[in-house]
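Chemist: Return a 3D structure for these sequence lines:
(chains A and B)
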Amino acid sequence: MYDIDLVKDRITTINDDNMKRLKGRWFGLVSGFALYECSWKTYLPKAQEWFLGSKLVTLSGVDKFPHVDVTMGNTQFIESFILKHGWDGFQILNREYAYYGLMGKHGVELDDLEPNKPMIITLPDFITGNVRWEWSDVLRIAEERNIDLHLDFAWLVMARDIEIDLDHPRIQSFGMSMSKLHLNWNRAGLRWSKQRTMDGITILNHYYNSDINTNTFSCAAWHMDNLDRDYAWNTYGNLNTDICRELDLGQTKFVHCVHNPVDKERLHCITPLLLEHA
Amino acid sequence: MSEHIKFEIHLDIECSCVRPRIKIYVDEQFVFTRSMHSGSHVIKFEYTCDFGDHELRILRSGKTNKCPEQSVELKRVIIDGINIRNIIWINSYNKNIWPEPWASQQREAGVVLEDPVIGETVFGHNCTWTLPFTSPFYKYVMEWLR
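Modeler: Residues are numbered from 1 along each chain as shown, chains lettered A, B, ... in the order given. Next up, the predicted model:
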């Protein structure tokens, strides 16, 4: 019933008919001059509720991060962090998000992490489709070596059955974005910080004391009103299970990504199958 | 509320046999002391600041009339990752402990010795350099820029 050739190496996000309709309606609103305006100050609490409102993902200890700022997605979360610490002033682990490698930043193994040097880490990752296998060791070593951790939760909007305890002394901030679910074309997110420091996102939120990016945040807020936080799994969860059972693929925490038993080193994408059989 | 702030103090020191002594305080909390040899030094420490008013103070001592020339230069202050050079020029001040009898001779000659000296970062004499600041630090920097 399911075509194995539609299990792809390249990971693509789900851009289904519903999402396309939403996009069309949004541009219809804009071009039709219907008024939907949401300032970043209105977007911020709405986005908090939306991002943290998942019934499939559990984040505990969020209350330890009282400083919440709007972002233009997690790429800004990353770039603000990098600008603060400098290209040589932070570290990443091996098998990280391609962004770093594309610009010549190479990861290290856990044992080679440098003391006192902050680290950004993607959770869940798209090698395992889960929280990194050595997460508890990361936390232990970060504490031993005084390494501040900044968590890139960009893919969390596509995940289920994940529990992360953020109440750890070395976790300093985390960022979430809508992009991986739907709004790659209108990147908007949030950053939670244990304490706010001067960097690009802080300047965006607290120095430019005006209507910053109202267009971006209006669009994001409108989509939050019209797209459930757990849309991906709630819509495609059963289909994912069927596909994996029939094609003998391993489920991951991502609805659109699976493990192929003969190639467990990487994730494979079933977005084409999900879209064909929805 | 409070925040944990990283400080970096960069000093260039020139001296011969007698070393200047540097003591650093945040508010009344003593965070560093050492007799410093010639060369460039970076002093790093962390401090938890309650939100509100604070002072970073550097006490420079060890200069007497009998010892050869010494110089201590505050090259850079980095707080929360921010080089606050321009803030220092305006907001910091230095209270010199002028050497005697030189100071009295100057006053008798009608010279008014500046006290404190705003933005002074070269410490030829014993002195106390002070930077008042507030926490959260990012707000302090923003308010300064505004």
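Chemist: Please list the residues of chain B that sit near chain A.
Modeler: Proximity of chain B to chain A, by Cβ under 8 Å from any Cβ of the partner chain, involves residues B:1, B:3-4, B:80-82, B:136-139, B:141-142, B:145. Backbone N, C-alpha and C define where each C-beta goes, glycine included.
Chemist: out of everything not next to it in sequence, what's closest to B:Thr33?
Modeler: Spatial nearest neighbour of B:Thr33, excluding adjacent residues (Cβ to Cβ, 6 or more residues apart in numbering or on different chains): B:Lys23 at 4.5 Å.
Chemist: SS state for that neighbour?
Modeler: Classification of B:Lys23 by DSSP: H, G, I helix; E, B strand; the rest coil places it in strand.
Chemist: how about stretch A:133-146 as PDB, C-alpha atoms only?
Modeler: Listed in PDB are the C-alpha atoms of stretch A:133-146, where the atom choice follows Å, rounded to 0.1, in the frame of the first residue of the first chain:
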ATOM      1  CA  TRP A 133      21.400   9.800  23.500                       C
ATOM      2  CA  GLU A 134      24.000  11.200  25.800                       C
ATOM      3  CA  TRP A 135      21.800  14.000  27.300                       C
ATOM      4  CA  SER A 136      22.300  13.000  30.900                       C
ATOM      5  CA  ASP A 137      26.100  12.900  30.300                       C
ATOM      6  CA  VAL A 138      25.900  16.300  28.700                       C
ATOM      7  CA  LEU A 139      24.300  17.700  31.800                       C
ATOM      8  CA  ARG A 140      26.800  16.000  34.100                       C
ATOM      9  CA  ILE A 141      29.800  17.300  32.100                       C
ATOM     10  CA  ALA A 142      28.300  20.700  31.800                       C
ATOM     11  CA  GLU A 143      28.000  21.000  35.500                       C
ATOM     12  CA  GLU A 144      31.500  19.600  36.100                       C
ATOM     13  CA  ARG A 145      33.100  21.900  33.600                       C
ATOM     14  CA  ASN A 146      31.000  25.000  34.100                       C
END
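Chemist: one step back: can you tell me which of the residues of chain B next to chain A are in strands?
Modeler: Within the residues of chain B next to chain A, residues falling in strands by DSSP state E are B:3-4, B:82.
Chemist: can you give me the strands in the chain?
Modeler: I'll assume chain A. Assigned by DSSP E, the strands in chain A fall at A:57-60, A:67-71, A:119-122, A:149-152, A:162-165, A:171-177, A:189-193, A:250-251, A:257-260, A:263-269.
Chemist: Correction: the question concerned chain B.
Modeler: So, for chain B - with DSSP E - the strands run B:2-14, B:21-26, B:29-35, B:39-50, B:52-61, B:71-79, B:82-83, B:93-96, B:117-118, B:122-123, B:127-135.
Chemist: With mean pLDDT added, can I get those strands in JSON lines?
Modeler: Output for the strands of chain B, formatted as JSON lines (pLDDT from 0 to 100):
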{"stretch": "strand B:2-14", "mean pLDDT": "96"}
{"stretch": "strand B:21-26", "mean pLDDT": "97"}
{"stretch": "strand B:29-35", "mean pLDDT": "95"}
{"stretch": "strand B:39-50", "mean pLDDT": "96"}
{"stretch": "strand B:52-61", "mean pLDDT": "98"}
{"stretch": "strand B:71-79", "mean pLDDT": "97"}
{"stretch": "strand B:82-83", "mean pLDDT": "94"}
{"stretch": "strand B:93-96", "mean pLDDT": "96"}
{"stretch": "strand B:117-118", "mean pLDDT": "96"}
{"stretch": "strand B:122-123", "mean pLDDT": "96"}
{"stretch": "strand B:127-135", "mean pLDDT": "98"}
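Chemist: Take those strands and write them to a markdown table, including mean neighbour count.
Modeler: Conversion of the strands of chain B to a markdown table gives the following (neighbours: other Cβ atoms under 10 Å in any protein chain shown):
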| stretch | mean neighbour count |
| --- | --- |
| strand B:2-14 | 17 |
| strand B:21-26 | 19 |
| strand B:29-35 | 14 |
| strand B:39-50 | 14 |
| strand B:52-61 | 18 |
| strand B:71-79 | 19 |
| strand B:82-83 | 15 |
| strand B:93-96 | 18 |
| strand B:117-118 | 14 |
| strand B:122-123 | 18 |
| strand B:127-135 | 19 |
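Chemist: Distance to A:Tyr2 added to those, as JSON lines?
Modeler: As requested, those are exported to JSON lines (distance: least, Cβ to Cβ, whole Å):
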{"stretch": "strand B:2-14", "distance to A:Tyr2": "53"}
{"stretch": "strand B:21-26", "distance to A:Tyr2": "64"}
{"stretch": "strand B:29-35", "distance to A:Tyr2": "65"}
{"stretch": "strand B:39-50", "distance to A:Tyr2": "56"}
{"stretch": "strand B:52-61", "distance to A:Tyr2": "63"}
{"stretch": "strand B:71-79", "distance to A:Tyr2": "58"}
{"stretch": "strand B:82-83", "distance to A:Tyr2": "55"}
{"stretch": "strand B:93-96", "distance to A:Tyr2": "75"}
{"stretch": "strand B:117-118", "distance to A:Tyr2": "75"}
{"stretch": "strand B:122-123", "distance to A:Tyr2": "76"}
{"stretch": "strand B:127-135", "distance to A:Tyr2": "58"}
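Chemist: Just give the number of residues close to the residue lying closest to B:Glu100 once chain neighbours are set aside.
Modeler: Spatial nearest neighbour of B:Glu100, excluding adjacent residues (Cβ to Cβ, 6+ apart): B:Asn65 at 7.9 Å. By other Cβ atoms under 10 Å in any protein chain shown, the residues close to B:Asn65 number 8.
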